[in-house]
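Peer 1: here is my input; please provide its structure:
(chains A and B)
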Amino acid sequence: MSSTKYILGLFEDPDEMMDGIHLLQQNSVPIYDVYTPMPIHGIEAKLGIKDSRIGYAAFMFGCLGGTVIFSIIYYAMVHDWPMDIGGKPAFAVPDYIPITFEWTVLYTAFGSAFTFFFSTHLFPGRTPRVMDFRATNDRFVIAIDAKGNTPHEDITNLLKEAGAVEVKHNDRKYVSYE
Amino acid sequence: MSSHSESIIREPLITGTNITYAQITEDVLRPVEKMPGKAWWIGFTVASMGATLWVFAVSYTFWYGIGSWGLNKTIGWAWDITGFVWWVGIGHAGTLISAILLLFRQKWRNSINRSAEAMTIFAVICAASYVVSHMGRPWMALYTLPIPNQYGSLWVNFNSPLVWDVFAVSTYFSVSLVFWYTGLLPDIATIRDRSKGGLHRKIYSIMSFGWTGSVKTWQRFETVSLILAGVATPLVLSVHSIVSMDFATSLEPGWHTTIFPPYFVAGAVFSGFAMVQTLLLITRKVLGLENYITMFHIEAMNKIIILTGSIVMVAYCTEFFIAYYSQVEYEQYAFLNRYFGPYWWASWSMFCCNCVIPQVLWFKKVRRSIPATWILSIIINIGMWFERFVIIVTSLHRDYLPSSWAMFYPTWVDVSVFVGSLGVFFTLFLLFIRVLPSIAIAEVKLLVKGSSEQEKRKILEAGHADPAQAQFYKEALRKFDSIDITEYEKV
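Peer 2: Next up, the predicted model:
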C-alpha cells in the first residue's frame, strides 16, 4: 500500500482547473478542497457549497448595534439625567439618528468580519495549513484525499489530461511550517 | 474560456505583454521582499523628520497648553480644526474607491484600492490627533465617550454634533481598518508562502491568520467584502456630513447653512482623489507599477476630480447666492467679508485652486499628462486646505459683536503641528509600501483574463474583433505611457 495521503493537481490556468474538477467529478472522484490564489467563481457551485449565511449574521449584528446604542442614549438622556435644553423634549429622536446609524454600521462591520474569521477558523497566529506553497501565488490546486480513492495512477492521468502542469503525491497532508 | 472575454472597445486595465500570475506577485512584492532603494530612504528620512517635528509640537502643546497656538477669544477654532477637516476629507477617496466602486463593479478599482484605503486610515489617524491635541489635556478624550464616571454619571450630550463626530470618526476608522485588513489577508499569505523562513515568515504567518485560499474561505471572503462595502458606503457619506454639522448646526453666519453636508462630502472626495494622485503617481514610478496603475486609472481619477470639483464650485456659488437671497444682513456680511474682507487672499486662493485651475482637466491632454496631473493634485490639496480655513476662520473672526472682531495669526506651533502631521502621514505610507503589498495582488490577478492588454491583443491577432472596434481600441491605446503603440501597427 502506498504511503500517499493527498494527491494534488497543480494547474497554471483557472479554466484548466475547472476542467480538472469537471473531469474528476465525471469519474466520481471526490474532491477534498481546492486552493486558489484568487477567488474563482463557479467552483462553489461545482463542489456543492451552499451560499454563505454571513449576510444574515450581519443583519442581526446591525440590529443589535442599533438597539444597544439607542438604549444607551435613551437611558442617559431620558431616564438617568434628562436635561432641560431650552424646554425642548429630552426624548429627541431625530438627534439620536446619527449615532444609532453609526453603531449599526459598526456592529455590522465587526460582526460580519468576526463571523467570517470564526467560521473560516482564521485568527492571528493560527498555523497555516498549506498544502502547496504556490497556491497563494500562481498555482490553482485541486486536492484529493488519496485514501480510498484508487488507483492513484488513474487520478494522476485525469488531472494531467485536464492540463495539470504537475501532480504531486504527498505523504503529508500539510507542508510543514516548523 | 469565452466567459472571460470583455468587449474589445474597453481599454485594458493591465498593460504589458508578458503578465502571468507569477509576474504580478513578483512585481507587487518587489518593494516588500527586496531592500528599499535610494528614493524610499530619502523619502523616509524627510518624512520621519516631519513626524519628529509633529511629536515635538504636539508635546509642546500638551506641556504649555493650547495657549501656545494662535487662537484667541474670538477665534477658538482655526488651524487645528482646519487640519482635522482636511485630513478626514482626504480619507474619503480611499473608501470611495474601495467600497463605492466595488458596489458599482468598477474593475479599475482593483489596482488602486489597497493603497487608497491605507491612505484613508493614515489620514484619519492624523485627523484624530488634531482633535485630541485641541483638548489640551489629551486624557480629556475619555470624556467624549459615554462612560459612567464619578460625576454622577454625567453623560455626554447625545444631541451635540461634536459627540456625533466622535462616534462617526471612530466608527469610520475602525470599519476602514477591518475592511482593509480583511482584504490584506490573502496577500499577506502570499508573502508568507514565499518567505525564506525565520522571523520574517513567522511574523507574516501570524498576520495572515492562517489563510489558505480554500474554496469556502474565498466564498465567505467575497460575501464579507460585499457586506463591508455595503455598510462603508453610507458610512463614508455620513462621516463628512456629520463633520459638516459641527458647523451647520451652529448659529454662526457662514456656517449655518443646509447645503453643508453634500458640499462637504463632494469636497472631501475632491481633495481625497487629489491626494491619491499625489501619492500614486510617485508610487507607480518609484515602484515600477506602470503596468498596473495605468493611464486609464489616472484619467478616470481625473474625471472624478473634475466632477466633484464642479460640485464644489456650484456649492460656493449657491452659498453666495443664498446669502444674498436670504436677506439676512449678517449672512450677507459674512460672505462679502469672506471675499473682500481682510482674508480675501485666502478666499481667492481657495476659489482659484478649487474652481478655476482644475477646469483645465476638461482637456484630454491635461488629464493624460502625468506632470500636469501631479501639479494639479497639489494645487487642489492646497485649495481644499484653504476652503476649510476660509469657512472656519473668516466666519468666526467677525461675527455679531464688532467689539470682539479679531484676526488670527498662527504661531510656529500651529505650523509645526500641520507640517508635522504631513510627516506622520508620509512616514506611515512609506512604511506601508515597505512591509505590505501596495496593490491588492489577488484582485489584480482577476483582471488578467479578459481585461489585460495581452488578452485583448490575442483577440486582435486572431482577427476575432470587428475591424471598426479594433481600430477604436488601437486609437484608445495611444494614451497609455506603458504601451508601445508601434507594436500594434502590424496587428
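Peer 1: show me what residue of the stretch 51-200 of chain B gets nearest to chain A.
Peer 2: Nearest residue of the stretch 51-200 of chain B to chain A: B:Trp155, at 3.8 Å (Cβ to the nearest Cβ). Using the backbone N, CA and C atoms, a C-beta is placed for each residue, glycine as well.
Peer 1: residue contacts, the nearest residue to that residue once chain neighbours are set aside?
Peer 2: In space, and not counting its chain neighbours, B:Trp155 is closest to A:Ala76: 3.8 Å by Cβ to Cβ, 6 or more residues apart in numbering or on different chains. Neighbour list for A:Ala76: B:Pro146, B:Ser153, B:Trp155, B:Val156, B:Phe158 [criterion: Cβ atoms under 8 Å, 6 or more residues apart in numbering or on different chains].
Peer 1: longest helix in chain A, by residue count?
Peer 2: Longest helix in chain A by number of residues (criterion: DSSP state H): helix A:93-119.
Peer 1: what is that one packed up against?
Peer 2: Contacts defined by 3 or more Cβ pairs under 8 Å, 6 or more residues apart in numbering or on different chains; DSSP states H and E place helix A:93-119 against helix A:54-74, helix B:161-194, helix B:215-248.
Peer 1: quick one: closest of those helices to A:Arg134.
Peer 2: For the helices and strands packed on helix A:93-119, proximity to A:Arg134 was assessed by Cβ to Cβ; helix B:161-194 is nearest, at 7.4 Å.
Peer 1: ok now stretch B:367-383, how far from the chain's centre?
Peer 2: 15 Å (Cα atoms, centre = their mean, to the nearest Å).
Peer 1: CA atoms only: put it into CSV for me.
Peer 2: C-alpha atoms of stretch B:367-383 as CSV (Å, rounded to 0.1, in the frame of the first residue of the first chain):
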residue,chain,number,x,y,z
ARG,B,367,-6.0,64.6,-18.0
ARG,B,368,-3.4,62.3,-19.6
SER,B,369,-0.3,64.3,-18.6
ILE,B,370,1.4,62.9,-15.5
PRO,B,371,3.3,66.1,-14.6
ALA,B,372,0.2,68.3,-15.1
THR,B,373,-2.0,65.9,-13.0
TRP,B,374,0.6,65.9,-10.3
ILE,B,375,0.9,69.6,-10.1
LEU,B,376,-2.9,70.0,-10.2
SER,B,377,-3.3,67.5,-7.4
ILE,B,378,-1.0,69.6,-5.2
ILE,B,379,-2.9,72.8,-6.2
ILE,B,380,-6.2,71.1,-5.2
ASN,B,381,-4.8,69.9,-1.9
ILE,B,382,-3.8,73.5,-1.1
GLY,B,383,-7.1,74.8,-2.3
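Peer 1: right, is the strand or helix carrying B:Cys126 up against chain A?
Peer 2: Assigned by DSSP states H and E, B:Cys126 belongs to helix B:113-134. No - contact between helix B:113-134 and chain A is absent, the nearest approach being 13.7 Å (criterion: Cβ under 8 Å from any Cβ of the partner chain).
Peer 1: and that helix with helix B:215-248, angle?
Peer 2: Helix B:113-134 and helix B:215-248 are oriented at 40 degrees to each other (axes from the mean of the first three to the mean of the last three Cα atoms, to 10 degrees).
Peer 1: show me what helix B:113-134 is packed up against.
Peer 2: helix B:38-64, helix B:79-95, helix B:161-194, helix B:260-286, helix B:412-435.
Peer 1: kindly reformat those as JSON lines containing distance to chain A, mean neighbour count and mean pLDDT.
Peer 2: Listed next are those as JSON lines, based on distance: least, Cβ to the nearest Cβ, whole Å; neighbours: other Cβ atoms under 10 Å in any protein chain shown; pLDDT from 0 to 100:
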{"stretch": "helix B:38-64", "distance to chain A": "24", "mean neighbour count": "16", "mean pLDDT": "93"}
{"stretch": "helix B:79-95", "distance to chain A": "12", "mean neighbour count": "28", "mean pLDDT": "91"}
{"stretch": "helix B:161-194", "distance to chain A": "4", "mean neighbour count": "23", "mean pLDDT": "93"}
{"stretch": "helix B:260-286", "distance to chain A": "11", "mean neighbour count": "24", "mean pLDDT": "92"}
{"stretch": "helix B:412-435", "distance to chain A": "16", "mean neighbour count": "20", "mean pLDDT": "94"}
